[in-house]
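Trainee: Have a look; sequence and predicted model below, questions after that.
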Amino acid sequence: MYAHNFETFSDRLEAFEGSQPQAVVSYLRETWLPFKEKFVTAWTKWIPHLGNSTSSRAESTHAAIKLFIRKSTSGLLEVFDDLTRAIDHQHSAIATRISYEQINLLQHLPSCTLMVQGKVSHVALLEVKKVAGEQIPADDRCTGSRKVSLGLPCAHRVKEAVQNQHMLTMEDFHPQWHLINPVSISFYPFICMILETN
């Protein structure tokens, strides 16, 4: 599952199959391997998932929405009112977090992040700091998978920027990581418009 390239995946699969009963191997081949592209790192590292590789965020969002729905027997308009309150609350929380990260700059970051501080999320900047502190083997070549899957500059780009005293730019980060204040809107008129057209 955590094989970072196709060759390693094949080697590990072969070793696993050689050590397991035929029933387990058959189950694996028939049930899971047809979907390997969905969960094996060798494939998922080429999908822009921005670090979301489980469904836990969707599950927590579902739980948060359920907190705003007051009763299970509500009418459609009441549910839309409740959902509007939930969305407005979430919107406010996001705007507050963005403002906080724009004002409170992180300390002890690599100098290459100076131009993006206050413009890129703390999570992304801390990832850059982590990568800047890691050692890259001399024979390690850049595959670009970090840029694709996480929307963050790869270790090679960060090391190059630090060594050559270059700055990372906003283009080095996927727009997901940009700190842009969301427009202050209410979703209620939009929902009412949908109801009226249906």
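Mentor: Perfect, I can see it now.
Trainee: can you map out the helices along the protein?
Mentor: Along the chain, the stretches classed as helices by DSSP state H are 6-19, 22-27, 41-44, 56-68, 76-103, 122-132, 145-150, 155-163, 188-197.
Trainee: domains of the protein?
Mentor: As recorded under automatic domain parsing, the domains making up the chain are 6-44, 56-177.
Trainee: okay, these, which one's buried deepest?
Mentor: domain 56-177 (a mean of 14; mean count of other C-beta atoms under 10 Å). Using the backbone N, CA and C atoms, a C-beta is placed for each residue, glycine as well.
Trainee: What's the end-to-end length of that domain?
Mentor: End-to-end distance for domain 56-177, by C-alpha to C-alpha, to the nearest Å: 20 Å.
Trainee: Phi and psi next, for Pro137.
Mentor: According to degrees, to the nearest 10, the main-chain angles of Pro137 amount to phi -60, psi 140.
Trainee: if I look at it, how far off is Thr8?
Mentor: Distance check for Pro137 against Thr8: by C-beta to C-beta, to the nearest Å, it reads 16 Å.
Trainee: Need the pLDDT of the nearest residue to Glu37 once chain neighbours are set aside.
Mentor: The shortest distance from Glu37 to any residue other than its chain neighbours is 4.2 Å, reached at Trp43 (C-beta to C-beta, 6 or more residues apart in numbering). Trp43 is assigned a pLDDT of 77 by the prediction.
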